[in-house]
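A.B. asks: Show me the folded form of this:
(chains A and B, ligands or ions: 2)
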There are 2 protein chains.
Amino acid sequence: MKNPPSLDQLISALKVLPGVGPKSAQRMAFHLLQRDKAGAEKLARALDRALSNLMHCQRCNTFSETPLCNLCADTERRQDQLCVVEMPADLLVLEQAQCFEGLYFVLMGRISPMDGIGPHDVNLDKLMDRVLDGVVQEVVIATNFTAEGEVTAHMIAELFKDRGIKVTRIARGMPVGGELEYVDLGTLAQAVYERRGLNK
Amino acid sequence: MKNPPSLDQLISALKVLPGVGPKSAQRMAFHLLQRDKAGAEKLARALDRALSNLMHCQRCNTFSETPLCNLCADTERRQDQLCVVEMPADLLVLEQAQCFEGLYFVLMGRISPMDGIGPHDVNLDKLMDRVLDGVVQEVVIATNFTAEGEVTAHMIAELFKDRGIKVTRIARGMPVGGELEYVDLGTLAQAVYERRGLNK
Ligand SMILES: [Zn+2]
Ligand SMILES: [Zn+2]
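C.D. replies: Residues are numbered from 1 along each chain as shown, chains lettered A, B, ... in the order given. Ligands and ions are numbered 1, 2, ... in the order given. I've put the predicted structure just below:
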């Protein structure tokens, strides 16, 4: 006695999703077939559409439906500053914060030797070409402050050493409105180490 | 600045999966588009195939690609015993245990008033028709020993009261090879309450 083939194939296909093992793939398949066929249909169509419509922006590497994304096509942005982020979501957050007027480069990942993700997997060669276009003056590294993000930041900084490009890293420190008592100790320590002079 | 529409649509479509919120839908979308386009394609096709091929077996209600599933079509099985389970996975486990020679009925769920799942949602009307076919003599209830499974078992037992159908429940007790010291206390208590006489 076995499941019908098309059920087993669906369960197995759902396991391509990160974090989905055999048990939750089975639960997902039953849920879709039993309670949300419209959702299953919607998912199949969205996958097809995304696969056929999405490419990587030629300049910034983010997902785009056009060869050049809207942001890279915007001539109002500062062309001499390039902010490097790990993922498209990071770019969106920075844009929401309205704190940066330049352009971006999206690595689409972070270097993580443990997971077998090396410099080539995060498009450092593409970043190199982008930065050395003769227009970019400063690379602002805004990868996460995780172990992987820090390694990635370090690799990028190395990449542009002695190339006449200013490389900066966004600051660590206390969150705005943060109280010393409630912030985590690592953040507090960094805030002390990276203290800024208020008088000359 | 927003994501391209086909990316947002994919992220939103992935949220139809149970247990998948906005953050993990985004992570899944990036993973598929970035690292596993073949997997995304496979998933889209498996969804289409499952949606068009799978139906519920007319007799036992499990997923099947034919109006009558293989098991229900098997005339070698005992026709007078019907085991009621929550999900197709439960049926498969019982078959693996090779402990039951009769036929099955798959509820496709469990009664859970908290989640708005009532008797109709677990096909009790279909079960009623199936049991009262004049051939079934015993209904073996094998729903889970969870709160919802127990409520469901109770409702099914009520359904066939005074109908000349024997209704049984699979036993609770110590697992085979189980040591008292390591079994959970609820199970241990049930094993004592449901103790069987060894002499006459
Ligand atoms: Zn771009
Ligand atoms: Zn059947």
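A.B. asks: any idea of the mean pLDDT in stretch A:62-81?
C.D. replies: Per-residue pLDDT over stretch A:62-81 has a mean of 95.
A.B. asks: what does stretch A:11-30 give?
C.D. replies: 95.
A.B. asks: and that stretch, how far apart are its ends?
C.D. replies: 9 Å (C-alpha to C-alpha, to the nearest Å).
A.B. asks: Mind checking if it is in reach of chain B?
C.D. replies: Yes - contact of stretch A:11-30 with chain B (C-beta under 8 Å from any C-beta of the partner chain) involves A:12-14, A:16-19, A:24, A:26-30. Glycine gets a C-beta too; all of them are placed from N, C-alpha and C.
A.B. asks: most surrounded residue in these?
C.D. replies: Ranked by neighbour count (other C-beta atoms under 10 Å in any protein chain shown), those have A:Ala29 at the top, with 27 neighbours.
A.B. asks: Let me know whether that residue touches A:Leu17 as I believe.
C.D. replies: No - applying C-beta atoms under 8 Å as the test, A:Ala29 and A:Leu17 come out as separate, 11.7 Å apart.
A.B. asks: what about the strands in chain A?
C.D. replies: A:55-56, A:63-64, A:81-85, A:103-106, A:138-141, A:166-169 (DSSP state E).
A.B. asks: Kindly reformat those strands as TSV containing distance to B:Gln81.
C.D. replies: TSV is the format used below for those (distance: least, C-beta to C-beta, whole Å):
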stretch	distance to B:Gln81
strand A:55-56	59
strand A:63-64	56
strand A:81-85	62
strand A:103-106	61
strand A:138-141	68
strand A:166-169	70
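A.B. asks: coming back round to it: okay if I get the residues of stretch A:11-30 next to chain B as a markdown table plus distance to A:Tyr193?
C.D. replies: Below are these laid out as a markdown table (distance: C-beta to C-beta, whole Å):
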| residue | distance to A:Tyr193 |
| --- | --- |
| A:Ser12 | 50 |
| A:Ala13 | 49 |
| A:Leu14 | 46 |
| A:Val16 | 43 |
| A:Leu17 | 40 |
| A:Pro18 | 35 |
| A:Gly19 | 35 |
| A:Ser24 | 42 |
| A:Gln26 | 50 |
| A:Arg27 | 47 |
| A:Met28 | 46 |
| A:Ala29 | 51 |
| A:Phe30 | 52 |
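A.B. asks: Restricting to the residues you listed, which residues neighbour ligand 2?
C.D. replies: Near ligand 2, judged by C-beta under 5 Å from the ion, there are no entries from the residues of stretch A:11-30 next to chain B.
A.B. asks: Out of these, flag the one nearest to ligand 1.
C.D. replies: Comparing the residues of stretch A:11-30 next to chain B against ligand 1 with C-beta to the ion places A:Pro18 closest, at 25.0 Å.
A.B. asks: for the residue most central in space within chain A, what are its contacts?
C.D. replies: The residue lying closest to the centre of chain A (C-alpha atoms, centre = their mean) is A:Met87, at 1.0 Å. Shown in contact with A:Met87 (C-beta atoms under 8 Å, 6 or more residues apart in numbering or on different chains): A:106-109, B:30.
A.B. asks: okay if I get the strands of chain A as JSON lines plus distance to ligand 1 and mean neighbour count?
C.D. replies: Listed next are the strands of chain A as JSON lines, based on distance: least, C-beta to the ion, whole Å; neighbours: other C-beta atoms under 10 Å in any protein chain shown:
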{"stretch": "strand A:55-56", "distance to ligand 1": "8", "mean neighbour count": "16"}
{"stretch": "strand A:63-64", "distance to ligand 1": "6", "mean neighbour count": "24"}
{"stretch": "strand A:81-85", "distance to ligand 1": "11", "mean neighbour count": "24"}
{"stretch": "strand A:103-106", "distance to ligand 1": "7", "mean neighbour count": "25"}
{"stretch": "strand A:138-141", "distance to ligand 1": "16", "mean neighbour count": "20"}
{"stretch": "strand A:166-169", "distance to ligand 1": "20", "mean neighbour count": "15"}
